[in-house]
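[1] Fold the following, please.
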Amino acid sequence: MRNAHRRLMLFVATLFLCGATDAAKSPAPPPSPRPVRPEGVVLFSDDFSRDDLQDWSPDKIGVWSVRRGALRAELPDQRQRHSFLYTGSSDWTDYAVDLDVCAMRGVDKGVAVRVMKGETGIAVDLRGIGYHDLVLHRRESQLAKVRALNSNATWHHLRVEARDNRYKVWLNGALMIDKVDSRRSRPRGGIALAAYTGGVSECTLYYDNVVVTALQPAAANLRER
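    From the prediction side, this is the model:
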């Protein structure tokens, strides 16, 4: 009887430790910020109030889910693992995407614009602990990089504008990058949210309040000035 009791207590303790480990690995984020209401015609929006991702298309199963009204991405603790969640239209040309993002574990977080599914677009990577910068990529080429303090377990607001071949990136309301892609490599496409373990071998991310709005073409914008 005494041995059976010991086995039961060991089993309970093991369950407790496993649960504590899982909780430490995947902590909940702070409450999501209030959504920003950008100007312009809304092409797409999602505040993840539904439990499904019917408007999105993941490249991997089991990475993306909706938790407590926010989008969650978690990857295995292995180096250089990544996943993308796609939405939008191949007909989108000039537009802006606003979103809130919070990393709980890992470094990399961000969004790609003008993406065709299965291909690369113009990517924005907000890198946290150990880097604290904001990077604009075209495939493997770095178009711009600026210093940008951003801590984990904190929500940050990103806005990316793609107008003609010019890209602007705001972080928490401050314009950080204004760069022209001389190759005009990505004229159109949807968006993709990114999850990436990088060299630190971990990634738990949350996204919320994704809004895509149409922008006037650069030529039309100049005529109005």
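
[2] Next up, the contacts around the closest residue to R105 other than its chain neighbours.
    Excluding the flanking residues, the one nearest R105 by CB to CB, 6 or more residues apart in numbering is T204, at 4.1 Å. C-beta here means a position set from N, CA and C on the backbone, and glycine is covered the same way. Under the criterion of CB atoms under 8 Å, 6 or more residues apart in numbering, the contact list for T204 reads K25, S26, P27, R72, A73, E74, A103, M104, R105, G106.

[3] May I see the buried residues of stretch 122-133?
    Buried residues in stretch 122-133, counted by 16 or more other CB atoms under 10 Å: I122, A123, V124, D125, L126, R127, G128, Y131, D133.

[4] can those go into CSV with extra columns for pLDDT, secondary structure and distance to R183?
    What follows is the buried residues of stretch 122-133, written out as CSV (pLDDT from 0 to 100; DSSP: H, G, I helix; E, B strand; the rest coil; distance: CB to CB, whole Å):
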residue, pLDDT, secondary structure, distance to R183
I122, 97, strand, 11
A123, 97, strand, 15
V124, 98, strand, 17
D125, 98, strand, 19
L126, 98, strand, 24
R127, 98, strand, 24
G128, 96, coil, 29
Y131, 97, coil, 26
D133, 98, strand, 23
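
[5] Closest one of the residues you listed to R188?
    I122 (11.3 Å; CB to CB).

[6] Quickly find the element holding T213.
    When secondary structure is defined by DSSP states H and E, T213 falls within strand 204-214.

[7] ok, now which ones touch L171?
    Contact analysis of L171 by CB under 8 Å, 6+ apart lists L126, L134, A148, N150, H156, H157, L158.

[8] got the phi/psi numbers for it?
    Here the main-chain torsion angles of L171 (degrees, to the nearest 10) amount to phi -120, psi 120.

[9] I appreciate the help and will end here.
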